[in-house]
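[1] Model the structure of this input:
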Amino acid sequence: MTTSRTSPMPVEIDAEDDAPLYEARRQIYPQSVHGRFRRIKWAVLMVTLAIYYLLPFVRWGRGPDAPSQAVLIDFSARRFYFFFLEIWPQEFYYVAGLLILASLILFLMNAVAGRVWCGYLCPQTVWTDLFLAVERLIEGDRRERMRADAGPWTLEKVTHKTLKHAIWLIIAWWTGGAWVLYFADAPTLVVELATLQAPTVAYASIAILTFTTYVLAGHMREQVCTYMCPWPRIQAALTDEYALNVTYRYDRGEPRNSMKKAAVLREAHQPAGDCIDCNQCVAVCPTGVDIRNGSQLACIQCGLCIDACNTVMDKIERPRDLIAYDSEANFKARTEGKPPVRHIVRARTVLYVVLILVAGGLMLTSVARRSLQDLAAIHDRNPLFVRLSDGAIRNAYTLRIANKKLEERTFMVSVAGVSGAALDIVGADGMAASVGPDQTRELRVLVTTRAPLPQGASLPITFTIRDAATGVEATAADHFIGP
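    Have a look, this model is predicted:
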């Protein structure tokens, strides 16, 4: 028995099927630009870097027994100092409140002007701008850098590259060094670091942050914004048609032509756009985006393309803002011949403002009413109660008193809630307990009653501490357990 085998039909393979799934990374050489948005970015860069590098050295008087650093995260004392505010571990809700407030502000910024955070305030943007400024200072602008990278390695090229990377490493090193200064007294830690007497964790932290800053701001740059950062994906779901975004007004810019050809077409009363296809908007973009292709994930809305385009429009004597902060609703209104649409105040932005005011108001109210003493009670678990020889029932507790003032205080301790209850502080005479400045103290207390208790009783009990000097009180609730 023979079997006939047929040949498979030939299949044509499109050349595009062999194309890679991901675009190979291309080196981006952002060109320097001058204009309003570039000046804003320089101002933001200088202010934010000054705050980051200098804030650890700002002093704030808190008394002789407290740190004098204005902003300090003191892990050893389990405190977070922020100017007049001192946050204890049990008050971490203040930090949570600040994070919620920051998120709402970020949402509001997105609703008003898209990724304005990414373009001006994001640390990745700020440090990348700084690194780019160093690169331009040493290697020249876009054309000089491209020419040098395409050419052979010469002594001048090696010198420029070495100097650039050395300065980058110095900036990255000081960035890591400034970070660790927030966790210890800054002047003291600087001396310890210089004399090699600082803790090992300080050197390790500086090394890690030096490496990450150097790599992210010096080498990865736009890759962080395009691939690593989750915010571009999130903000796209939070925006709407009224949000201002950097937009190429193609209703005015198209069809593109050279300047001479556009002039000829206008004289012939034929359509001619203002865009002369000079590609300056692409050359200045730090992420290499062509904004004329519409909104894109990599666009950080920095506005540099606006400055570049306005410079060109001035030279060819055409109206400015061919590229501008604009909204989809405004574009639609222009194409339909309707008046411009500017809805900054709308339901979304009003809601965010209200939420910000509510969250901020709650935090300010909480800070204003913040207690400078705290009391916690913990019942002994084993045994839950003890029957004495005379028939009395005794429960044992641990009281933790927190004194948040920067002075020693004496508290009077009392108990209520159980009939005939007597309170005894182990190791102390009387009902008074002294607590040092900005410290906590644990007390072992015994509560005894000879009054008859119901079978299986679990009665609510309240402990109270009262400042002997001011009369301010704090309470803690627990239960008195019987047989």
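
[2] rest of the way, CA atoms for contacts and neighbours
    Will do.

[3] unless I'm mixing things up, residue 457 is touching residue 483, no?
    Yes. The criterion here is CA atoms under 8 Å, and residue 457 meets it with residue 483 at 6.7 Å.

[4] Mind jotting down where the strands sit in the stretch 251-400 of the chain?
    For the stretch 251-400 of the chain, the strands defined by DSSP state E, counting those that start in this stretch occupy 323-326, 373-379, 386-387, 393-403.

[5] dump the residue contacts of residue 386.
    Contact partners of residue 386, counting by CA atoms under 8 Å, 6 or more residues apart in numbering, are 393, 394, 395.

[6] May I have the beta-bridge partners of it?
    residue 394 (DSSP bridges).

[7] low-confidence ranges in the protein?
    For the chain, applying pLDDT under 70 flags the ranges 1-25.

[8] which strands and helices sit next to the longest helix seen in it?
    If you go by DSSP state H, the chain has its longest helix at helix 155-180. Judged by 3 or more CA pairs under 8 Å, 6 or more residues apart in numbering; DSSP states H and E, helix 155-180 is in contact with helix 36-54, helix 123-139, helix 200-215.

[9] Quick check: next helix or strand after it?
    Per DSSP states H and E, the first helix or strand lying C-terminal to helix 155-180 is helix 186-194.

[10] buried sites along that following helix?
    Of the residues in helix 186-194, 186, 189, 190 count as buried by neighbour count, 16 or more other CA atoms under 10 Å.

[11] Look up phi and psi at the nearest residue to residue 449 once chain neighbours are set aside.
    Of all residues not flanking residue 449 in the chain, residue 421 sits nearest, at 4.5 Å (CA to CA, 6 or more residues apart in numbering). Main-chain torsions, residue 421, degrees, to the nearest 10: phi -70, psi 140.

[12] now the strands: where do they sit in the stretch 1-150 of the chain?
    Going by DSSP E, counting those that start in this stretch, the stretch 1-150 of the chain shows strands at 71-74, 79-82, 85-87.

[13] could these go into CSV alongside mean neighbour count and distance to residue 291?
    Shown next, in CSV, are those (neighbours: other CA atoms under 10 Å; distance: least, CA to CA, whole Å):
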stretch, mean neighbour count, distance to residue 291
strand 71-74, 20, 41
strand 79-82, 18, 42
strand 85-87, 15, 45
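
[14] Let's have these in a markdown table, adding distance to residue 261.
    Shown next, in a markdown table, are the strands of the stretch 1-150 of the chain (distance: least, CA to CA, whole Å):
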| stretch | distance to residue 261 |
| --- | --- |
| strand 71-74 | 61 |
| strand 79-82 | 62 |
| strand 85-87 | 66 |
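
[15] Residue 147: which of these is closest?
    Checking those against residue 147 by CA to CA gives strand 71-74 as the closest, at 46.5 Å.

[16] Contacts for that closest one next, please.
    Strand 71-74 has contacts (CA under 8 Å, 6+ apart) with 55, 56, 58, 79, 80, 81, 82, 83, 182, 183, 184, 185.

[17] And it, how far out from the chain middle?
    17 Å (CA atoms, centre = their mean, to the nearest Å).

[18] Ok, stretch 85-93 next?
    With CA atoms, centre = their mean, you get 19 Å for stretch 85-93.

[19] likewise stretch 44-58?
    For stretch 44-58, the distance to the chain centre is 15 Å (CA atoms, centre = their mean).

[20] same thing with stretch 197-208?
    In terms of CA atoms, centre = their mean, the centre of stretch 197-208 is found 23 Å from the chain centre.

[21] What residues sit buried inside that stretch?
    Within stretch 197-208, the residues that count as buried by 16+ other CA under 10 Å are 202, 206.

[22] I'd guess residue 218 is in a helix, am I close?
    Yes. Membership of residue 218 in a helix is supported by DSSP: H, G, I helix; E, B strand; the rest coil.

[23] How about the contacts made by the residue minimising distance to the centre of the chain?
    For the chain, the residue nearest the mean C-alpha position is residue 102 (7.6 Å; CA atoms, centre = their mean). Residues near residue 102 by CA under 8 Å, 6+ apart: none.
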